[in-house]
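J.: need the 3D shape of this:
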Amino acid sequence: MELKVLVCVVLLTLVIPGSLTSAPARVQDIKGVPSDIKPVQGKHEPCLALRSGSGSEPVSSLLSRDRDIPDTVIQLPIISSGEIPVYNSSLLMMVQGLLSKQEILLEYFPADTMLYVTAVTRESVGFYSVRTGQEFWQEIKLFLKRIRLADFGDCRKQAEVLSRVLLGKVAMKFQQKSKAVIIAHNTLSGFPFEVLVLPVLTPGPPILKARHLVEGKEIVYNNSVTQWLSSRIRKKIREVKAPVENSLAFVGFSPGFSYHECIHELQDADTEISTIGKMFRDNGKAPVLLLNENSNENNFKSIARFSHIVHIATHTINSEEFPEMNGLLFHEFGSDQDDSDKDDGLLSIHEICELKIPADLIVLNSCSSANIRSRIGMNWFSCADCFMKAGARNVLCTLWNVSDRFAEKFMVEFYRYYLAGMSFSKALQQVKVKMINEPSTSLPVNWAAYILIGE
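T.: A predicted model of the protein is given here:
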């Protein structure tokens, strides 16, 4: 009864992205592939290519690069009063009702010389302000640069200082919880909080034996409170609904681009995806993977809506000059299009927002996939925002270019923990901890790029 009342209240308050109640069409015949899938001649062996670095000329100028995220706030669920955020009390009550006892939600609002932090737990709500100055935001940018250049040795002390500023005021609340939902705006958007250190102390004795935050906490990100609420509500609704029959456990897409002269070929993925596929099969869950010609835009639109997990290994377009082209590339991108009505192989952010994909998890296994953004109306939306608007509960994406050397190991370990019964956030935490403890992968540049956006 309590859940029904809560859901009714929230539905009246929020515009919830995606479809919550519509049943999927019947899944047909071979390997659970829907009847509207259009197989083409070519290799059908389950195999998914890894993401790779940016492509070569002439389209390399459009392929994703390591660039800053626009300083834009997306539909904040607050009533603004100058620089100081003033929250709606009913919204805070809903957040508290949907948080577990082990969770804390932290929202960060940077200003020129101040940082405003809201900390919400099931038991209490706290509002804090910290005086920063422009030098602090320069330190944030320098810190990110050092991480991406694998120069973390020189910024360990810097991480301790940043931890005191970003987490000092909420340290007592934070240390009592095992999971944090972080919503960071403007300058802090895209900042990997899990690289910060524990324990967090107030000014005084130096921090000894500092640990990365992720070693003690599960970390989940969101772009707004309403986005997190929508994801959490969909989870609650699915928990009380009967399981959907004929749903696919895992669907993977990899265009490969082996035929392209102007797009960097995606290589070295066979071992990764075949290993993951075997893991699912060993758990009694048949995977469906579409490679090369079969990894086309039409097949994605047809089959993704039936899957619990959708894994996409491809290139992305992240163009400041042509933001309308920002999105994910599929097999037919760049090929001659005889029929203008056919899909062009570019799944743009605008197209994603119009889809219905109620997946539990979308994996965007490509370079800087968390940074792909386009303007829709008056606001900027990321690729993850639009997948969640399309109905997905979680999106696993990357903050910067990911290396093939470590990506295979990372994703195989992630699915190993997930298939052992862990949640997505717990599995992500565990694989990062494992990489931290291995000297060859301990630097944050290897493991901090992957972030989970969602519940």
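
J.: is it true that R373 touches N326?
T.: Yes. Applying Cβ atoms under 8 Å, one finds R373 in contact with N326, separated by 6.6 Å. For every residue, glycine as well, the C-beta is placed using N, CA and C.

J.: find residues that contact each of these two.
T.: N318, I349, C383 (Cβ atoms under 8 Å, 6 or more residues apart in numbering).

J.: of these, which belong to helices?
T.: If you go by DSSP state H, those have I349, C383 in helices.

J.: residue ranges of the strands in the stretch 201-350 of the chain, please?
T.: Assigned by DSSP state E, counting those that start in this stretch, the strands in the stretch 201-350 of the chain fall at 211-212, 218-222, 248-254, 287-291, 307-312, 316-317, 327-329, 346-348.

J.: neighbouring strands of the last one in the sheet, and parallel or not?
T.: In its sheet, strand 346-348 lies beside strand 327-329 (antiparallel), with partners assigned from DSSP bridges.

J.: for the fifth one, same thing?
T.: Taking DSSP bridges as the criterion, strand 307-312 forms sheet pairs with strand 248-254 (parallel), strand 361-364 (parallel).

J.: tell me which stretches of the stretch 101-250 of the chain form helices.
T.: Secondary structure of the stretch 101-250 of the chain (DSSP state H, counting those that start in this stretch): helices at 134-148, 156-167, 171-175, 225-240.

J.: can I get these in TSV with distance to F322, mean pLDDT and mean neighbour count?
T.: Below are the helices of the stretch 101-250 of the chain laid out as TSV (distance: least, Cβ to Cβ, whole Å; pLDDT from 0 to 100; neighbours: other Cβ atoms under 10 Å):
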stretch	distance to F322	mean pLDDT	mean neighbour count
helix 134-148	25	89	15
helix 156-167	35	87	18
helix 171-175	41	86	16
helix 225-240	26	83	19
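
J.: need these in JSON lines with distance to V95, can you?
T.: Conversion of the helices of the stretch 101-250 of the chain to JSON lines gives the following (distance: least, Cβ to Cβ, whole Å):
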{"stretch": "helix 134-148", "distance to V95": "26"}
{"stretch": "helix 156-167", "distance to V95": "20"}
{"stretch": "helix 171-175", "distance to V95": "14"}
{"stretch": "helix 225-240", "distance to V95": "6"}
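
J.: need the strands of the stretch 201-350 of the chain in TSV (columns: distance to H260).
T.: Output for the strands of the stretch 201-350 of the chain, formatted as TSV (distance: least, Cβ to Cβ, whole Å):
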stretch	distance to H260
strand 211-212	39
strand 218-222	33
strand 248-254	13
strand 287-291	15
strand 307-312	17
strand 316-317	14
strand 327-329	10
strand 346-348	14
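
J.: re earlier: out of the strands paired with strand 307-312, the one nearest I183 is which?
T.: Closest of these to I183 is strand 361-364, at 19.2 Å (criterion: Cβ to Cβ).

J.: helix or strand right after that closest one?
T.: Counting by DSSP states H and E, the next helix or strand C-terminal to strand 361-364 is strand 373-376.

J.: what's in contact with that following strand?
T.: Contacts to strand 373-376, defined as Cβ under 8 Å, 6+ apart, come from residues 69-70, 72, 318, 323-324, 326-327, 348-350, 353, 380-383.

J.: between those residues, which is nearest K285?
T.: C383 (26.2 Å).

J.: which ones are touching the closest one?
T.: Counting by Cβ under 8 Å, 6+ apart, the residues that C383 touches are 316, 326-328, 349, 352, 364, 369-370, 372-373, 395, 397.

J.: just flag the most distant two among these.
T.: Pairwise over these, using Cβ to Cβ, the maximum falls at N326 and V395, 15.4 Å.

J.: for W228, which non-adjacent residue is closest in space?
T.: Distances taken as Cβ to Cβ, 6 or more residues apart in numbering put N222 closest to W228, at 4.2 Å, once the chain neighbours are dropped.

J.: verify the stated contact: the one you found with S425.
T.: No. Here N222 does not reach S425: they are 12.0 Å apart, not a contact under Cβ under 8 Å.

J.: show me which of these two is the more surrounded one.
T.: N222 (25 against 20; other Cβ atoms under 10 Å).

J.: ok, that one to E194 distance?
T.: Per Cβ to Cβ, to the nearest Å, N222 is found 15 Å from E194.

J.: got it, and E438?
T.: Note on E438: its distance to E194, by Cβ to Cβ, is 17 Å.

J.: ok, V161 - contacts?
T.: Going by Cβ under 8 Å, 6+ apart, V161 touches E139.

J.: renumber starting at 42 from here on
T.: Got it, first residue is 42 now, which makes that one V202.

J.: ok, now which ones touch M155?
T.: With contacts defined as Cβ under 8 Å, 6+ apart, the neighbours of M155 are E124, S170, V171, R172, T173.

J.: also Y300?
T.: Residues counted as contacts of Y300 (Cβ under 8 Å, 6+ apart): none.

J.: and the gap between it and H372?
T.: Relative to H372, Y300 is positioned 9 Å away (Cβ to Cβ).

J.: mutual contacts of these two, please.
T.: Counting by Cβ under 8 Å, 6+ apart, nothing touches both Y300 and H372.

J.: format the strands paired with strand 348-353 as a markdown table; extra columns: mean pLDDT.
T.: A markdown table is the format used below for the strands paired with strand 348-353 (pLDDT from 0 to 100):
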| stretch | mean pLDDT |
| --- | --- |
| strand 289-295 | 90 |
| strand 402-405 | 94 |
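
J.: and these: which comes nearest S219?
T.: So among the strands paired with strand 348-353, strand 402-405 is nearest, using Cβ to Cβ, at 20.4 Å.

J.: give me the buried entries from the contacts of strand 414-417.
T.: 110, 359, 364, 367-368, 389-391, 394, 421-424 (16 or more other Cβ atoms under 10 Å).

J.: quickly list the domain ranges of this structure.
T.: The chain breaks down by automatic domain parsing into domains covering 62-109+285-375+382-494, 119-263.

J.: quick check: phi and psi at T439.
T.: Reported as degrees, to the nearest 10, the phi and psi values for T439 are phi -120, psi 140.

J.: report the contact partners of it.
T.: Residues near T439 by Cβ under 8 Å, 6+ apart: R92, L405, N406, S407, C408, S409, S410, A411, A490, Y491, I492.

J.: out of those residues, which is most surrounded?
T.: S410 (31 neighbours).

J.: any idea how far G231 is from that one?
T.: 12 Å.

J.: where in the chain is pLDDT low?
T.: Counting by pLDDT under 70, the ranges of the chain that qualify are 42-127, 193-195, 240-251, 282-287, 309-311, 376-383, 418-420, 445-446.

J.: let's see that with 50 instead.
T.: Low-confidence segments of the chain (pLDDT under 50): 42-124, 243, 245-249, 287.
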